[in-house]
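S.K.: prediction below, plus the sequence it came from.
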Amino acid sequence: MTTPTSNGLIAGELPVLTRKDFVSNQEVRWCPGCGDYSILAQMQKMLPELRIPRENVVFISGIGCSSRFPYYVETYGFHSIHGRALTIASGLKTARPELSVFVVTGDGDGLSIGGNHLLHAMRRNVDLNVVLFNNRIYGLTKGQFSPTSEFGKVTKSSPYGTTERPLNPIRVALAAGATFVARSIDRDTKHLEETLYRAAQHKGISFVEVYQNCNIFNDGAFAAFYDKDVRQDKMVYLEHGKPLRFGKENQHGIRLNGFQPEVVENAAGDDGLLVHDTKQQNLSLANILVGMDYPEFPVPIGVFRDVDGPVYDQLVQEQVDAARAKGPGDLAAILHAGETWVVD
Amino acid sequence: MTTPTSNGLIAGELPVLTRKDFVSNQEVRWCPGCGDYSILAQMQKMLPELRIPRENVVFISGIGCSSRFPYYVETYGFHSIHGRALTIASGLKTARPELSVFVVTGDGDGLSIGGNHLLHAMRRNVDLNVVLFNNRIYGLTKGQFSPTSEFGKVTKSSPYGTTERPLNPIRVALAAGATFVARSIDRDTKHLEETLYRAAQHKGISFVEVYQNCNIFNDGAFAAFYDKDVRQDKMVYLEHGKPLRFGKENQHGIRLNGFQPEVVENAAGDDGLLVHDTKQQNLSLANILVGMDYPEFPVPIGVFRDVDGPVYDQLVQEQVDAARAKGPGDLAAILHAGETWVVD
Amino acid sequence: MTTETQIKPEHIVEELDRVTIRFAGDSGDGMQLTGTQFTKTAAVFGNDLATLPDFPAEIRAPTGSLPGVSGFQLSFSGSDIHTPGDRPDVLVAMNPAALKTNIGDLRPGGLLIVDENEFEPTNLKKAAYVSNPLEDGSLSAYQLVPIDITRQNELALEGLPLNAKDKFRSRNFYALGLILWLYGRSMDTTVKWATEQFSRRPDILDANLRALKSGYNFGETTELFRVQYRVPPAVVPAGTYRHISGNEATALGCVAASVLSGLPLFYGSYPITPASDILHELSKLKAFGVKTFQAEDEIAAIGAAIGAAYGGHLALTGTSGPGLALKSEALNLAVMTELPLVVIDVQRAGPSTGMPTKTEQSDLLQAMFGRNGDSYVAILAPATPSDCFLMAIEAFRIALKYMVPVILLSDGYVGNGSEPWRIPDVSALPKIPWSYAKEGEEYSPYSRDPKTLARSWAVPGQKGLEHRIGGLEKSGQTGDISYDPRNHHEMTLARKGRVDRIASDIPDLEVQGPSTGDILVLGWGGTYGAITSAAENARKNGLSVASAHLRYLNPFPGNLEKVLRSYKHVLIPELNTGQLSLLVRGRFVIDAVPFNKISGQPFKIAEIEGKIDEVLGRSGPYVFEFPQSSGLSGG
Amino acid sequence: MTTETQIKPEHIVEELDRVTIRFAGDSGDGMQLTGTQFTKTAAVFGNDLATLPDFPAEIRAPTGSLPGVSGFQLSFSGSDIHTPGDRPDVLVAMNPAALKTNIGDLRPGGLLIVDENEFEPTNLKKAAYVSNPLEDGSLSAYQLVPIDITRQNELALEGLPLNAKDKFRSRNFYALGLILWLYGRSMDTTVKWATEQFSRRPDILDANLRALKSGYNFGETTELFRVQYRVPPAVVPAGTYRHISGNEATALGCVAASVLSGLPLFYGSYPITPASDILHELSKLKAFGVKTFQAEDEIAAIGAAIGAAYGGHLALTGTSGPGLALKSEALNLAVMTELPLVVIDVQRAGPSTGMPTKTEQSDLLQAMFGRNGDSYVAILAPATPSDCFLMAIEAFRIALKYMVPVILLSDGYVGNGSEPWRIPDVSALPKIPWSYAKEGEEYSPYSRDPKTLARSWAVPGQKGLEHRIGGLEKSGQTGDISYDPRNHHEMTLARKGRVDRIASDIPDLEVQGPSTGDILVLGWGGTYGAITSAAENARKNGLSVASAHLRYLNPFPGNLEKVLRSYKHVLIPELNTGQLSLLVRGRFVIDAVPFNKISGQPFKIAEIEGKIDEVLGRSGPYVFEFPQSSGLSGG
Ligand SMILES: Cc1ncc(C[n+]2csc(CCOP(=O)(O)OP(=O)(O)O)c2C)c(N)n1
Ligand SMILES: Cc1ncc(C[n+]2csc(CCOP(=O)(O)OP(=O)(O)O)c2C)c(N)n1
Ligand code: SF4
Ligand code: SF4
Ligand SMILES: [Mg+2]
Ligand SMILES: [Mg+2]
């Protein structure tokens, strides 16, 4: 029973691919102006940098505008059903740990119908790269509210405004024990590409929430803090080992008051400012950061957590390998296990 | 369209009921020694204290040993299907906000198959009282690991030990925005009854995790910290407004070092000890407490969070009431809405 | 009842009984709006009519691309019609992609109006045309009328304070104006509608009205069209009419059921094409006490509805095929707990995600059998868009009377299609009766009404009736959990028997045409129009062909077997691989002939006529002619 | 082949062809163990046999209560048998509750052994006895042998360093010893087993062995039994045998398929009664490269299996009815993406949660139709516990060859039941062929093998074969998304046709009995034994009755229609309301007679014989006789 593929990651033989190698022949069919285009572009730019044979890369998605993604990437791809991409990806990766598996999902696909699978894939720490396109709306079904839509939002299915509070995807990922958790933005192409790269490099599950503009049904959902002219004042980029600073001249900072964060305007030195640390196993810091709600705080962007943990698919493989090391399965022997008797 | 019941909660007319009024005629069929008996007993003791007409109380459960609960309580009861109790309860409570609805679930029922519904009921803040019996095992199906089973645990379905990290139910509840979150223990009957009472009084969703011993398939799962002789050293009771103290003579305490908690052995005064505050909207403190993992820390027991939030079923009712206040629906009028023409 | 028709004497006027027009263009071109406006105008004029919108699967496919084509077909007539027409007489194609994907359907000799401005190299390439079809003679079978609509429209709007894009977007009004003129219709309805619609954008309103009039005047002034057509009003029953789509009618029917029963309506749903509009409609109707619950998934949606049913409300959940699959386990809980619940499935082409925007009737067997155990529910299916109103009310009546889940099988064709609807007199609609168990009496949850076999319904809040229900088998006597063999046998038969008894409480199946004869064409759901028309045509051709349409699929109407046995042949056309056929054949051991099309498209009348001929031996085996575009992906 | 039989000359020895014994007691009384040990002993002796364990629904119902009763029935014989017997000849009842719930089944005149010690007021009350049945004459129809087993056993264990509870718990060994003596069987098998089992608890071992011997000696020395019985060994084919349950055989069959195909097995599952044992078995077999994935729910379980199938592994998911309902949407994705996947459903009594520990055959139509759209899968059903081994292998063979999901319909009766199994020679098992698409060649995911219509399978890691699949309809040519009408029509028919073609690749249906005649009794699944025996009995009685058993439900074997048309009547007994009946009647328009029992219990031979008589007009309408305990809840 050998794994049935022709290519593994063989050291010294790293392929040299270019962005074009990851562009499929399918016409891209998102609405003009959709944030999805940028995410696709950064992904296609990033993939060659991984130096993985293209045939070992798989994109799995659910259903939604975002979930059309696999058609556009020239790798193996599986456009599955609503909310279930993570289950398929978990099975694939557990069966075939040598593959590099990406999961593309939306705020509805990943957090509404698929929320439970997200929790469990994260707690298992299956070595998957999950990218959640958060446009805070159901795009494909034409504009109903999603679990990340703001409280009170008026949509097609909430003409009187929603009566439910949104989920914060990062908070959920942290609570489920995801080992790599980050947030990026469709328009910040450099940050996005870099974040996708770091996520892909991570061993264990990586979760990247991407703020994505749906210009048809929820245009400007993130404009309040990421429009060009306000961006620097309203977002804070998280960088490991660095104090939290933001503002046009990087003049403001974040510090802790007890366990509560607070903004320090025009912070003189870095003294007393909160220093980011993605490597904490303990979740306290990451949880404090994710609790910085806009507009009281600038919106944190970047890697919240990046730690090691036991990787599910690896452990399963190790159990199999260990059992086989003691002697591979003997079919005749297990058929004859227990009491037998002979009739002649 | 009036709500079709004979009884509401009419002030001044509070019923006087006793524990016996809440005991049904059904034979209780848990294994002798099961922790479920105590939870049932405390619930039946607590219910009369609520002074709610018995017919306005509903227990809804999923499937599992724990989910047999409704049969034993002489109220309205619904023993539904695996993992879905919260969906039914959410519908019932939204339709009939005047009812007092309890949900009984297990670690498998509530966190495995039903995990997503838990997330969403909590973020909606439906005014339900959720009690999750956590025995860290699948009882009814006879002993497979559950999402709260310890990493590496050997069970019927994991003869080589599990390869997945458990979920912490409290952490998940907090991340989903539950407004009342507590943990109690089957054997600490007083604390349990009190916690159930406070949970029932809470407006909005309440979530109580109860450590429950399954003496058949996971006996002693919590013994390490709640056996009589170690209990005081290995658990810390959370009380609002009080410093965190534990130990036989209450001699130890917990304080913060930055955002990290640490144990102070033989803490002299309360100075510098962490003071519990259940009323924080911000989740930082609750998250720090839930991060105190055994055995490095004593196990925190009690109410982690108890705050107000917009209550889903109430808001839905208010939208309806507001719309009807402007004039109740006129069927003929909406049938004739839009363009019409007359043929004669 | 009629608006003055605008036929000018200098044109030749030809009278027609029926005309079918298809507007096709890019999804950004406003073809749905154009079609709807023309439809309303025809309706107000008094024509009978039927429509078929055809949306692209993508939200916004790339402009000019084949998958981005959006179409709207309508058929209007001076007499009774049942379908939006097999093949359009007129095709308006706003760009090459629209031409490519639709020309296969235009009847030979039909009128083909194209915006020639759009037939330039880029667009031609997007539509995979190697040469310009307007020039290469490939359209010689049609009356080709190329008009530079874009340019004409631009000229008409010259000077308006709008950018080029906004101007371009009004060219559908130009096309509409032209077609209104061609059929001698007034612009009034559209002017009125636009004036309301764009009241806050006077600049856009102005542009659209100018475009409309220019198109109209263009018809009037050019020599391109020598003939104008007149389709006289149909003779329809007196009353007040409106236009209604199936999904709207469903939503209104549910609210009507709430009013008629006096029970508040609760709708648990999760958005899915093509059922989402029911959620959108109902979420507006809070003044009726309607509560909508947009759940986290389909399971939660039906769970919530079950909770509401348990709470004594009028409980509804709605979805499309994949969602019904997800609901199946929970639906079985409603079966077992015998709660009144209505489940709407607006079917779409499957399996799996399939073709979400295309219609199909392929969930009948899922509705019948898609649950573990011997699990019976009632199943109804509306025959037309407006029938959804009545069938929704009927679904609730049955659910409440028999304490049973009822599945209402709509489909994309019925749900999105629309037709004129004579608005019923609210005071004439019969009340829906129901009852809760009586307080103060001995209560046993599974004690049954001897006539209906419905169990007794007590709801939380009723004093002294506290009890427990659930998914485990229960003793029919005590309501306690029971593993007793006899009890399970009897309870299973009671759950089935209760559904069977509905047969005596529903109308007999009606036959159109001879009551005995050579062929009965038996249908259900959205194929009503095509089947009825085909049988009518066959009779006109002197054949002995009747048709009958099942609106009750489980149980069947009591007279069904008798009806079936009155014909030499029974033909069952379905948009699936033979689902009703299996039920009819298996139940009655009758060799009914299945006729199956699984293309995501409704039946054409001619197709059914062709099959009738085959069954009667008047022709060889019938073979479908699919449109030429079939080789193209995403077409 | 036989162990020396221990029949002593001083006792009268009567020879019997077949004996059916039921052990019944509290769930804590170890009745399953007692039954299993006796079974093994009989098997080693060479009897043919069949067993029926009957667990209570609760994990540990209160001691002495009616719902806490656990039973194990076995039938052993000197000739071929197919069922665990209709009615026991011997009932061993360890307490009043066990007597109450089981006495209704004991054949009149049967031997009734009870532990009289337990018939004291508290226990009698728990069993709802008003007077002591041992004393009130109500058991006069049976050979009542009250023995104070508890006390005798206590005496035997006197002096052992065990507490009273542990001593009490060994009394099942006492009962076992007694029955072994009664049928002249050696204690060797049990002694050997116990010695291994309790190797780490020598005190318990000692007690159990002493109890065993005391029971044995009690039979030998008392005058209570004057007759001993002898059931000679059966003539069975030569070979090495073992005892195997259906679930074990299923697990082994899957691993065998992995070995025979050379593809690693991946099992995605979520625990559910009565399927969990397959998970338990497979999770041990890591040395075969088996990976088990205990998912968060059934949807995730099948999702993971689909992922593994996509990855080129041998993919399996397993569950019971409610779980199959949950899997239906995802199963349709496997249908649409045409991936090889095996789904095991160990059916239980439904609908909904139903009676989880009871058997039923009521998921056949769910398996056929429980998905949106026209969705075809292959369906197989093992006829007996050991047949699960072969059918599991067959399921994978078909899945891989036709690139199709296959549902294997086991049931609680087959899955938990066990029988002697002649262990096959591994080297004689045929290899399972499969192939991936070739690297370096042009690849189109939906290009089909002209013979099987299977699509071409390329898996991640194969260089140059990168492609996309998914739940949307795909062009049969390019594999791209397609909304083309003709394409969908053709793809639907191809997906169906591929399943239909399996018919030519499976064995013809075999008939037992005359090849034409009055009645064919047609069955499927776990009713094999009862049907075969009933038909055999009928033939012995001179009737013209044949039987045939379908192990392939979709597609049917190619000769089925011909077989059916060879008999005047076709009788279809099923543990459901008529599911195979509907398929057979609908497919062939044959008026097959359904015979349906929905009690959670397997058929008795006599029931089918009774129905045969009815169909032949030899008696009036057949009516089930359910056991007297039926009024009790939870019985
Ligand atoms: C089982 C099922 N339920 C519902 C749908 C309909 N549906 C498709 S995508 C979608 C939500 C899309 O929202 P999101 O995941 O946020 O993706 P987006 O389109 O915004 O990228 C829904 C409800 C479906 N296809 N399948
Ligand atoms: C759909 C479905 N899947 C699986 C099962 C089987 N099942 C019943 S209870 C249960 C888990 C029980 O564990 P938990 O929720 O922790 O409850 P406990 O018995 O431990 O109280 C499972 C898997 C079921 N009844 N229905
Ligand atoms: S609907 Fe929104 S999310 Fe979907 S493609 Fe269009 S812009 Fe993007
Ligand atoms: S199996 Fe465990 S949880 Fe279930 S009733 Fe028995 S002791 Fe309690
Ligand atoms: Mg979205
Ligand atoms: Mg548990």
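M.R.: Nice, I can see it. Ligands and ions are numbered 1, 2, ... in the order given.

S.K.: OK, contacts around C:Leu212?
M.R.: C:Leu212 makes contact with C:173-174, C:176-177, C:180, C:187, C:190-191, C:194 under the criterion C-beta atoms under 8 Å, 6 or more residues apart in numbering or on different chains. Any C-beta I mention is one placed from the backbone N, CA and C, and that applies to glycine too.

S.K.: change it to 10 Å
M.R.: Shown in contact with C:Leu212 (C-beta atoms under 10 Å, 6 or more residues apart in numbering or on different chains): C:37, C:156, C:170, C:172-178, C:180, C:187, C:190-191, C:194.

S.K.: secondary structure element for C:Gly415?
M.R.: helix C:412-416 (DSSP states H and E).

S.K.: if we can go back for a sec, so which of the contacts of C:Leu212 is the closest to chain D?
M.R.: For the contacts of C:Leu212, the closest approach to chain D (C-beta to the nearest C-beta) belongs to C:Asn172, at 22.9 Å.

S.K.: that's a strand at the closest one, yeah?
M.R.: No - counting by DSSP: H, G, I helix; E, B strand; the rest coil, C:Asn172 is located in no strand; its state is helix.

S.K.: next secondary structure after the helix holding C:Gly415?
M.R.: Next element after helix C:412-416 (DSSP H and E): strand C:418-422.

S.K.: can you tell me the average pLDDT over that following strand?
M.R.: Model confidence over strand C:418-422, given as mean pLDDT, is 91.

S.K.: burial of residue 22, as a residue count?
M.R.: No chain specified, so I'll use chain A. Residues lying near A:Phe22 (other C-beta atoms under 10 Å in any protein chain shown) number 22.

S.K.: please refer instead to chain C.
M.R.: 27.

S.K.: C:Ala98 is in contact with that one, correct?
M.R.: Yes - contact criterion C-beta atoms under 10 Å: C:Arg22 and C:Ala98 qualify, at 9.4 Å.

S.K.: intersection of neighbour lists for the two?
M.R.: With C-beta under 10 Å, 6+ apart, C:Arg22 and C:Ala98 have common neighbours C:31, C:71, C:91-92.

S.K.: the strands in chain A, which residues?
M.R.: For chain A, the strands defined by DSSP state E cover A:57-61, A:76-79, A:100-106, A:129-134, A:180-185, A:206-211, A:235-238, A:245-246, A:252-257, A:260-264, A:299-306, A:340-343.

S.K.: tell me the pLDDT of A:Ile10.
M.R.: So, for A:Ile10, pLDDT stands at 46.

S.K.: near ligand 4, which residues of the stretch 451-600 of chain C are found?
M.R.: Within reach of ligand 4 by C-beta under 6 Å from any ligand atom, the stretch 451-600 of chain C has no residues at all.

S.K.: name the residue of the stretch 451-600 of chain C that lies nearest to ligand 2.
M.R.: C:Gly471 (8.4 Å; C-beta to the nearest ligand atom).

S.K.: tell me the spacing between that residue and A:Gly83.
M.R.: C:Gly471 sits at a distance of 24 Å from A:Gly83 (criterion: C-beta to C-beta, to the nearest Å).

S.K.: looking at those two, which has the bigger crowd around it?
M.R.: Between C:Gly471 and A:Gly83, counting by other C-beta under 10 Å, A:Gly83 is the more crowded of the two (32 against 28).

S.K.: show me the contacts for the residue lying closest to C:Gly417 once chain neighbours are set aside.
M.R.: Once flanking residues are discounted, C:Gly417 sits nearest to C:Pro385: 5.0 Å by C-beta to C-beta, 6 or more residues apart in numbering or on different chains. With contact set as C-beta under 10 Å, 6+ apart, C:Pro385 has these partners: C:50-51, C:243-250, C:410, C:413-421, C:526.

S.K.: repeat that for C:Val414.
M.R.: C:Val414 neighbours (C-beta under 10 Å, 6+ apart): C:245-247, C:249-250, C:274, C:346-347, C:359, C:361, C:381-388, C:391, C:525-529, C:602.

S.K.: what about 7 Å?
M.R.: By C-beta atoms under 7 Å, 6 or more residues apart in numbering or on different chains, the residues touching C:Val414 are C:246, C:382, C:384-385, C:388, C:525-526.

S.K.: looking at those residues, which two lie furthest apart in space?
M.R.: Across the contacts of C:Val414, the longest distance by C-beta to C-beta is 11.7 Å; it joins C:Pro385 and C:Gly525.

S.K.: hang on, the earlier thing: what's the closest of the strands of chain A to C:Ser375?
M.R.: Ranking the strands of chain A by proximity to C:Ser375 (C-beta to C-beta) places strand A:76-79 first, at 32.0 Å.

S.K.: could you pull out the buried residues of the closest one?
M.R.: Across strand A:76-79, burial judged by 16 or more other C-beta atoms under 10 Å in any protein chain shown covers A:76-79.
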